[in-house]
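Chemist: Fold the following for me, if possible:
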Amino acid sequence: MGSLALSSHRPAPAPRAITSELLLHRLRNFATLAPHEAELVLSLAEAPKSHAAGTGICPRDDGSPHPRLIVGGWACRPRILPDGRRQMLGVLLPGDMMGDRGDRRPLALNPVIALTPVRTIGIARLVQAVRTEPREYPGIVRALAAIDRCEETALLDHVVRLGCQSALQRTAHLLLELHHRLSLIGFVHSGTFPMPLTQDTLGELLGLSLVHINRIVSQMRREELALIRGGVATIQDFPRLALLADRIDPTSHAGSA
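Modeler: Below you'll find the model as predicted:
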């Protein structure tokens, strides 16, 4: 398997004002927030902390990783075996949260490693406010619960992807998932979105060899399904790619860019 660290596609610096707005946008995808809830989220604005590619992100106290928000770069949750072998459980994108919010969910307690240079901000103050006075922040509570459900669904999809799908289907399914998730935070334009994962890392994520991934990427380009090149991916034929990936509604992603 290849290294988790990626050597290219360094993200541009995020202005401080954008950091908390990214979380606000993410939460509003799942629930309506009252003005005081939006104010709480926006009050989290701070200078982001930088994490080098290949390094762990969430610090721990008493075994619980601090809750943080990714505001730039890509990361992953790897499950590492005693002999050093690992399996990526999923990719974390800008707007994704990590760390323990007090309920000690196994997925939240799993280590997080930066795939690219990553920037994060702490969200402990928001977590504490919501846990202390949940009735004061019902919109945030609903949004966080919905985000947790989406994470669990994505993990189940990943299990099925690795266990049941062919190499071509796995890659198609992952591209559609990334397109959908990035479109929710405004990172997709006309079917094109950032794709900083190298073929080596894609292979590690999808359980495929580097040679196999190279063949699949070339096949997708030849068949005009999708193009992955230079840190950018473009989905060229949504209906065909969705049919190939066994997505139920192939048109639902096209309108979210």
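
Chemist: contacts, neighbours, all on C-alpha from now
Modeler: Fine.

Chemist: For the residue sitting nearest the centre point of the chain, give the beta-bridge partners.
Modeler: Relative to the mean C-alpha position of the chain, the nearest C-alpha, by CA atoms, centre = their mean, is the one of residue 92, at 2.8 Å. Taking DSSP bridges, one finds residue 75 as the beta-bridge partners of residue 92.

Chemist: so where's this structure shaky on pLDDT?
Modeler: By pLDDT under 70, the weakly predicted segments of the chain are 1-18, 59-64, 247-257.

Chemist: show me the contacts for residue 99.
Modeler: Contacts here follow CA atoms under 8 Å, 6 or more residues apart in numbering; on that basis residue 99 touches 58, 64, 65, 66, 67, 68, 108, 109, 110.

Chemist: What is the burial count for the residue nearest to it when sequence neighbours are not counted?
Modeler: Counting by CA to CA, 6 or more residues apart in numbering, residue 99 lies nearest to residue 67, which is 4.1 Å off, once chain neighbours are set aside. For residue 67, the count of nearby residues is 24 (other CA atoms under 10 Å).

Chemist: ok, residue 67 - contacts?
Modeler: Counting by CA under 8 Å, 6+ apart, the residues that residue 67 touches are 58, 97, 98, 99, 100, 101, 122, 123, 124, 127.

Chemist: now the strands: where do they sit in this structure?
Modeler: With DSSP state E, the ranges of strands along the chain come out as 49-51, 60-61, 64-65, 68-72, 75-80, 86-92, 97-98, 113-114, 118-122, 192-194, 226-229, 232-235.

Chemist: now the residue nearest to residue 77 when sequence neighbours are not counted: how far from residue 81?
Modeler: Residue nearest to residue 77 in three dimensions, not counting chain neighbours: residue 112, with 4.7 Å by CA to CA, 6+ apart. With the distance defined as CA to CA, to the nearest Å, residue 112 ends up 15 Å from residue 81.

Chemist: now do residue 127
Modeler: Going from residue 127 to residue 81 by CA to CA gives 31 Å.

Chemist: more crowded one of the two?
Modeler: Ranked by neighbour count (other CA under 10 Å), residue 127 and residue 81 place residue 127 first, with 19 against 9.

Chemist: Confirm for me that that one is in contact with residue 101.
Modeler: Yes: using CA atoms under 8 Å, residue 127 and residue 101 qualify as a contacting pair, with a distance of 6.1 Å.

Chemist: what's in contact with stretch 139-146?
Modeler: Under CA under 8 Å, 6+ apart, the answer for stretch 139-146 is 27, 28, 29, 30, 31, 32, 33, 34, 37, 130, 134.

Chemist: which residues sit in contact with the third one?
Modeler: Meaning residue 29. Contacts here follow CA under 8 Å, 6+ apart; on that basis residue 29 touches 143, 184.

Chemist: and which of the contacts of stretch 139-146 is nearest to residue 177?
Modeler: Nearest to residue 177 among the contacts of stretch 139-146: residue 29, at 16.2 Å, using CA to CA.

Chemist: And that closest one, how far from residue 135?
Modeler: Residue 29 sits 20 Å away from residue 135, taking CA to CA as the criterion.

Chemist: Residue 23 now?
Modeler: Per CA to CA, residue 23 is found 20 Å from residue 135.

Chemist: quick one: which of the two has more around it?
Modeler: residue 23 (24 against 11).

Chemist: Surely the more buried one and residue 41 touch.
Modeler: Yes: checked against CA under 8 Å, the pair residue 23 and residue 41 is within contact range at 7.1 Å.

Chemist: Hmm, residue 71 and the residue nearest to the centre of the chain touching each other?
Modeler: No: no contact is recorded between residue 92 and residue 71 when judged using CA under 8 Å, the distance being 10.6 Å.
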